[in-house]
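A.B. asks: only geometry, no sequence info:
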């Protein structure tokens, strides 16, 4: 009786091994892989259609917005196309919602996968608005080919679609660099939800088909991926009155949520006290005396405050008072020196005149001296003239020995004598 029982146990073990082997073969055959033969698929998925189409007006729309691809897309994208889901979500959005940007919505957006179709619908439902859908890069097919392009669709559930635009650039104020893939939101006043887009790799953005009016444009460094302006995230805002087109520059920086506090109070004079705060105050806000209370010790008697001035205003008043006092003192004492007047400008003295040229001295040659000696200033008697000539000739011969060897030149003088 022991042998048949042992044999039955062996047969049961063999049956279990056969079942395990068959199951392994089935799982191996069901694994996803490239089909044998043919060239490999390297083409990324493409969008065939989006319903409703861009520019369509569909009053009372209740269905899902459907994005259809030409092939099956992966249910788990990389998340490189953008962050977040709907404006108003409380946490970072994961999955396919990272590649879908639907606005304006006041809550999360539901994104569903159906092989080659993606369904989109806001959780709050469709309102009577003009909606903007932006498909961001990041979808993959089953062979990990990435969808790198972008598509934008605008449709209306009632209002007319506008033709205006808002564009610009986003910068990091503290780092002095561009803010790549910053979250842009244009909120039409007096609404509280706006149209969303993402700045490109050059930190530029462009929102088209907006209706004219007043907008507040926000730029946020969406670090946590919730598509909201966080208290610790850098952002900036600007108000725009849109007619047809507008360009803005936004400088994102972390905003401090701690209010300014009083640091010191310094005595200036008998009626003035300088108060220093922990951080700069808003220069656009007016300083009201009702927000300040001064008490006199020891019985804490309230003291009326005449006015509150900024440091620049106080310095300007002090300078004006000092100049007025100096002017009054100068009027009372004519001999007093005016310290506020500017000294007169002194013109430079003219350059000295050029000296006259030196007088030309007559030549020292014997003939020049002879002619100068011969030139009489007045007519003299013949005997005197002859005597002068003889003396001049004797003087020339004494200085020029060559002249003594040329007696012929003196013959006219001898004949004249």
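C.D. replies: Structure received. The structure displayed is predicted, hence computed values, not measured ones.
A.B. asks: tell me the domain ranges of this structure?
C.D. replies: For the chain, the structural domains run 47-156, 164-252, 262-313, going by automatic domain parsing.
A.B. asks: could these go into a markdown table alongside mean neighbour count and mean pLDDT?
C.D. replies: Where you see a C-beta, it was placed from the backbone N, CA and C, and this is true even at glycine. As requested, those are exported to a markdown table (neighbours: other C-beta atoms under 10 Å; pLDDT from 0 to 100):
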| stretch | mean neighbour count | mean pLDDT |
| --- | --- | --- |
| domain 47-156 | 18 | 86 |
| domain 164-252 | 17 | 93 |
| domain 262-313 | 9 | 85 |
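A.B. asks: between those domains, which one is closest to residue 332.
C.D. replies: Residue 332 lies closest to domain 262-313 among those, at 24.1 Å (C-beta to C-beta).
A.B. asks: follow-up on the earlier one: got the domains of the chain as a markdown table, with distance to residue 357 columns?
C.D. replies: Shown next, in a markdown table, are the domains of the chain (distance: least, C-beta to C-beta, whole Å):
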| stretch | distance to residue 357 |
| --- | --- |
| domain 47-156 | 89 |
| domain 164-252 | 69 |
| domain 262-313 | 66 |
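A.B. asks: tell me which of these lies nearest to residue 39.
C.D. replies: Judging the domains of the chain by C-beta to C-beta, what sits closest to residue 39 is domain 47-156, at 11.9 Å.
A.B. asks: show me how far the closest one is from its chain's centre.
C.D. replies: With C-alpha atoms, centre = their mean, to the nearest Å as the basis, domain 47-156 stands 33 Å off its chain's centre.
A.B. asks: ok, back up a step: of all the domains of the chain, which one is nearest residue 347?
C.D. replies: Of all these, domain 262-313 comes closest under C-beta to C-beta, at 38.2 Å.
A.B. asks: between the two ends of that closest one, how far is it?
C.D. replies: Domain 262-313 stretches 20 Å from its first residue to its last (C-alpha to C-alpha, to the nearest Å).
A.B. asks: ok, back up a step: right, and the domains of the chain - which one's nearest residue 351?
C.D. replies: domain 262-313 (48.3 Å).
A.B. asks: for the residue most central in space within the chain, which residues make a bridge with it?
C.D. replies: Against the mean C-alpha coordinate of the chain, by C-alpha atoms, centre = their mean, the closest residue is residue 171 at 6.4 Å. Applying DSSP bridges to residue 171 gives these bridge partners: residue 178, residue 251.
A.B. asks: over to residue 275?
C.D. replies: The partner list for residue 275 in beta bridges (DSSP bridges) reads residue 265.
A.B. asks: isn't it right next to residue 260, touching?
C.D. replies: No - counting by C-beta atoms under 8 Å, residue 275 does not reach residue 260; the two are 10.7 Å apart.
A.B. asks: burial check on residue 255, number of neighbours?
C.D. replies: As a burial measure, residue 255 scores 13 neighbours (other C-beta atoms under 10 Å).
A.B. asks: from residue 231, how far off is it?
C.D. replies: Residue 255 sits 8 Å away from residue 231, going by C-beta to C-beta, to the nearest Å.
A.B. asks: helix, strand, or coil at residue 353?
C.D. replies: Following DSSP: H, G, I helix; E, B strand; the rest coil, we place residue 353 in the coil state.
A.B. asks: burial count for it?
C.D. replies: Residue crowding around residue 353 was assessed by other C-beta under 10 Å; the count is 6.
A.B. asks: quick one: residue 330 is in a helix?
C.D. replies: Yes - under three-state DSSP, residue 330 sits within a helix.
A.B. asks: for residue 323, see how far away it is.
C.D. replies: Applying C-beta to C-beta, one obtains 11 Å for the distance of residue 330 from residue 323.
A.B. asks: repeat that for residue 393.
C.D. replies: Applying C-beta to C-beta to residue 393 and residue 323 gives a distance of 92 Å.
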